[in-house]
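Visitor: Coordinates for the following, if possible.
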Amino acid sequence: MPADLQSVKIPRPAPPTLTSVRPPKKNIPQTKTERDALLRYIREYMETEKPVPPMPLDELEVHARKVLEATGFAEIYLHYTAVCLSNEMWRETMAAIPFERRLLLMPKCLRVEDKCPAPFDEFGLLCKSCGLCTIQDFQEEAERLGYAVLVAEGSAVVMSLIQTGKIEAIVGVSCLAVLERTFPYVEAAAIPSIAVPLLQDDCINTTVDNDWVWDYIHLTSEDKTRRLDLNALHEDVRTWFTEESLTEIMGAPEGETERLARASLAGPGKRWRPFLTVAAYQALRESPEDPIPLSVKQLAVAVECFHKASLIHDDIEDGDATRYNEPTAHEQHGTPVALNLGDLLIGEGYRLIGIADLPAEAKSQCLTTAAEGQRSLCRGQGAELLWARNPLPLKSREVLDIFRQKTAPAFEVALRCGAAAAGKLDDVADVLSAYSENLGIAYQIRDDLADAAEDTVASCSGSPNILFAVANEKAKAENDKQLLETLWSRGDLGDINSHKLQRLAHELKADDRCTHLLETYKEAATRSLTDLENANLKGLLRRTLGKIFNDLEIKGWCHEFEPGEEQS
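Guide: Residues are numbered from 1 along each chain as shown. Okay, the predicted model is just below:
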């Protein structure tokens, strides 16, 4: 193993909740993507219809049916949709109520019942912070903000707290059945309340959408970006990578080489890194509603130049023939030309920073940040290339450390450049570093899981892959270990297809472990924002994390195989 590859400390694991082994009840949309899509439409609906709370249930259901009709969701989701509508009606009112005047109410069924060491008193569960469930995480964060917290069922204690006058709003987690029974009381009392439905109704070992709970717990009017449409912002950034827009931002290309480089830059891509640059700038600027200036667009495009250059070089070094289902640059133009295009894009990135209309200090910070990010990426790629000379299976910690060096720096460069443009980098640099590291590792874990779900094994053969590192650590049978070692070394897999490898990873519970790691690093990214004082940046980065991983939902992972498929 190369000497420059250091171990990475894995944060305290938290149970995966958004990918529960038990699916949601049939009256709740089955996937997080569906639930988030429905919530996005509800927020759009609120902007046009502007319903006012409190609203009787029958009137609320009229609005819910309009939403279902417009979105195509089934009638079975009526009550779930009504709950989400009610939440959004109260959202702005809730944002204006101080944290210390709010109650967080959670059900004890969120605990792992057969292992939970917590006792009960007349007020409910007394959490022992054992780390087995999400109750501890939610309670600690809510109490840190100033909430009163109860882990209990029943309305008597809640109503008595409300009657003291110390509680003015409730954020609750509950099953739909309980929400339906308590709605008339809450509506009659006109108490601003937001309810996050549990994903199961069977009162034991239930789960909830963590992202939604965190979003509602932290809701505050101090966050001026809470109404910012991240989807619209992302789509706007995407429009900057057409030939016409790139000419406006970068100037006209000179000669065939620059035209080829621009074509590569304008090619397929998710544009997360330029999006992060703009998101950080929007959160930290004085007036986030104002148009985005050319200088920030230039920084965002510069960040994408660095990223595209790294992909061109990476494809050459790994011998990959396709990316985004299209031929790679070296397949199209040959290796010498592709190398030169990557080098040119690096130069273009620095040129864009240089010509951006920014204060001298901000420009210097961006240039230094970009150079440091480039060095870190090359160190990580260098460790991988040196390992490839003798590609023995890596330990999972070694793979995660490569992710830390290769993937995380690009996110950090993006965020720090946006903060520098807003003149606030010195205030948030440490937080952005910690957030970026955890975001980058989580992002690459997600990519590895997605690669392993593809129809071929070529995309994950012969390169550091967290799924197969974990599988190799867990494998005991000699034939399993030999198969995984062959995969690492790009050896001849014979008739081994992707489903057999996926099944092996599933049988070894490597997929569960990797999903656990993914949720752990996402949680660590969220926790890195704990002490951030800027409410705008804190709220926006938390929502950005949800957006990135919602849009990157893994498709096709085969926990269930086609009927009749060979199981050996």
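
Visitor: So which residues of the stretch 251-400 of the chain form strands?
Guide: With DSSP state E, counting those that start in this stretch, the ranges of strands along the stretch 251-400 of the chain come out as 322-323, 326-327.

Visitor: Can you pull out the residues in contact with the last one?
Guide: Applying CB atoms under 8 Å, 6 or more residues apart in numbering, the set of residues contacting strand 326-327 from outside is Gly267, Pro268, Ala321. C-beta coordinates here come from the backbone N, C-alpha and C atoms, glycine included.

Visitor: Relative to the whole chain's centre, how far out is stretch 280-290?
Guide: Taking CA atoms, centre = their mean, to the nearest Å, one finds the center of stretch 280-290 at 21 Å from the center of the full chain.

Visitor: can you pull the buried residues of that stretch?
Guide: By neighbour count, and taking 16 or more other CB atoms under 10 Å as the criterion, the buried residues in stretch 280-290 are Ala280, Tyr281, Gln282, Ala283, Leu284, Arg285, Pro288.

Visitor: Just send those residues back as CSV, with pLDDT and distance to Asn479 too.
Guide: Formatted as CSV, the entries for the buried residues of stretch 280-290 read as follows, by pLDDT from 0 to 100; distance: CB to CB, whole Å:
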residue, pLDDT, distance to Asn479
Ala280, 94, 49
Tyr281, 95, 54
Gln282, 92, 54
Ala283, 91, 52
Leu284, 92, 55
Arg285, 89, 59
Pro288, 74, 58
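
Visitor: same question for the strand or helix carrying Asp215, mean pLDDT?
Guide: Element membership of Asp215, judged by DSSP states H and E, is helix 210-217. Averaging pLDDT along helix 210-217 gives 85.

Visitor: Just say helix, strand or coil for Ala195.
Guide: Three-state secondary structure (criterion: DSSP: H, G, I helix; E, B strand; the rest coil) places Ala195 in strand.

Visitor: Wait, it touches Asn87, no?
Guide: Yes - the pair formed by Ala195 and Asn87 meets the contact definition of CB atoms under 8 Å, at 6.4 Å.

Visitor: neighbour-wise, which of the two wins?
Guide: The residue with the greater number of neighbours, taking Ala195 and Asn87 and applying other CB atoms under 10 Å, is Ala195; the counts read 24 against 21.

Visitor: now the strands of the stretch 251-400 of the chain in TSV, with mean neighbour count and distance to Arg503?
Guide: Written out in TSV, the entries for the strands of the stretch 251-400 of the chain read as follows (neighbours: other CB atoms under 10 Å; distance: least, CB to CB, whole Å):
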stretch	mean neighbour count	distance to Arg503
strand 322-323	15	25
strand 326-327	12	30
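
Visitor: Could you export these to a markdown table, including columns for distance to Ile353 and mean pLDDT?
Guide: Formatted as a markdown table, the entries for the strands of the stretch 251-400 of the chain read as follows, by distance: least, CB to CB, whole Å; pLDDT from 0 to 100:
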| stretch | distance to Ile353 | mean pLDDT |
| --- | --- | --- |
| strand 322-323 | 26 | 85 |
| strand 326-327 | 28 | 90 |
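
Visitor: Mind putting those strands into CSV with distance to Asn340?
Guide: Below are the strands of the stretch 251-400 of the chain laid out as CSV (distance: least, CB to CB, whole Å):
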stretch, distance to Asn340
strand 322-323, 18
strand 326-327, 17
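
Visitor: So which of the ones you listed is nearest Ala263?
Guide: Checking the strands of the stretch 251-400 of the chain against Ala263 by CB to CB gives strand 326-327 as the closest, at 11.3 Å.

Visitor: Quick one: the strands in the protein, in order.
Guide: Taking DSSP state E to define them, one finds strands in the chain at 102-106, 120-121, 124-125, 148-151, 169-174, 193-197, 322-323, 326-327.

Visitor: Which of the ones you listed has the lowest mean pLDDT?
Guide: Per-stretch mean pLDDT for these is lowest at strand 120-121 (a mean of 56).

Visitor: ok, back up a step: which among the buried residues of stretch 280-290 gets closest to Asn472?
Guide: Closest approach between those and Asn472, by CB to CB: Ala280, at 37.8 Å.

Visitor: List the residues that contact the closest one.
Guide: Going by CB under 8 Å, 6+ apart, the list of residues near Ala280 reads Ala414, Leu415, Arg416, Cys417, Gly418, Ala419, Ala422, Leu432, Leu537, Leu540, Leu541.

Visitor: Check Val428 too.
Guide: Contacts of Val428 were listed using CB under 8 Å, 6+ apart, and they are Leu284, Ala419, Leu532, Asn534, Leu537.

Visitor: Kindly recompute the last result at 6 Å.
Guide: Under the criterion of CB atoms under 6 Å, 6 or more residues apart in numbering, the neighbours of Val428 are Ala419.

Visitor: And it, how close does it get to Ile316?
Guide: When CB to CB, to the nearest Å is applied, the distance between Val428 and Ile316 equals 36 Å.

Visitor: Report the inter-axis angle for the helix holding Asp215 versus strand 169-174.
Guide: Taking axes from the mean of the first three to the mean of the last three CA atoms, to 10 degrees, helix 210-217 and strand 169-174 form an angle of 160 degrees between their directions.

Visitor: Check which helices and strands helix 210-217 is in contact with.
Guide: Using 3 or more CB pairs under 6 Å, 6 or more residues apart in numbering; DSSP states H and E as the contact criterion, the secondary-structure elements in contact with helix 210-217 are strand 193-197.

Visitor: Go again with 10 Å.
Guide: Judged by 3 or more CB pairs under 10 Å, 6 or more residues apart in numbering; DSSP states H and E, the packing partners of helix 210-217 are helix 32-49, helix 78-95, strand 102-106, helix 135-145, strand 169-174, strand 193-197, helix 510-527, helix 535-551.

Visitor: In JSON lines, list these along with distance to Cys305.
Guide: Putting these into JSON lines (distance: least, CB to CB, whole Å) gives the following:
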{"stretch": "helix 32-49", "distance to Cys305": "31"}
{"stretch": "helix 78-95", "distance to Cys305": "38"}
{"stretch": "strand 102-106", "distance to Cys305": "45"}
{"stretch": "helix 135-145", "distance to Cys305": "38"}
{"stretch": "strand 169-174", "distance to Cys305": "43"}
{"stretch": "strand 193-197", "distance to Cys305": "41"}
{"stretch": "helix 510-527", "distance to Cys305": "25"}
{"stretch": "helix 535-551", "distance to Cys305": "21"}
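
Visitor: which one of the strands of the stretch 251-400 of the chain lies closest to Leu508?
Guide: strand 322-323 (28.9 Å).

Visitor: Let me see the backbone angles for Thr407.
Guide: Dihedral angles of Thr407 (phi, psi; degrees, to the nearest 10) stand at phi -100, psi -40.

Visitor: how much space between it and Glu92?
Guide: 37 Å.

Visitor: Of the two, which one has the most company?
Guide: With neighbours defined as other CB under 10 Å, Thr407 and Glu92 compare such that Thr407 has more, 22 against 14.

Visitor: average pLDDT across stretch 470-487?
Guide: For stretch 470-487, mean pLDDT is 81.

Visitor: Flag every buried residue along it.
Guide: In terms of neighbour count (16+ other CB under 10 Å), stretch 470-487 has its buried residues at Val470, Ala471, Asn472, Glu473, Lys474, Ala475, Asp480, Leu483, Leu484, Glu485, Thr486, Leu487.
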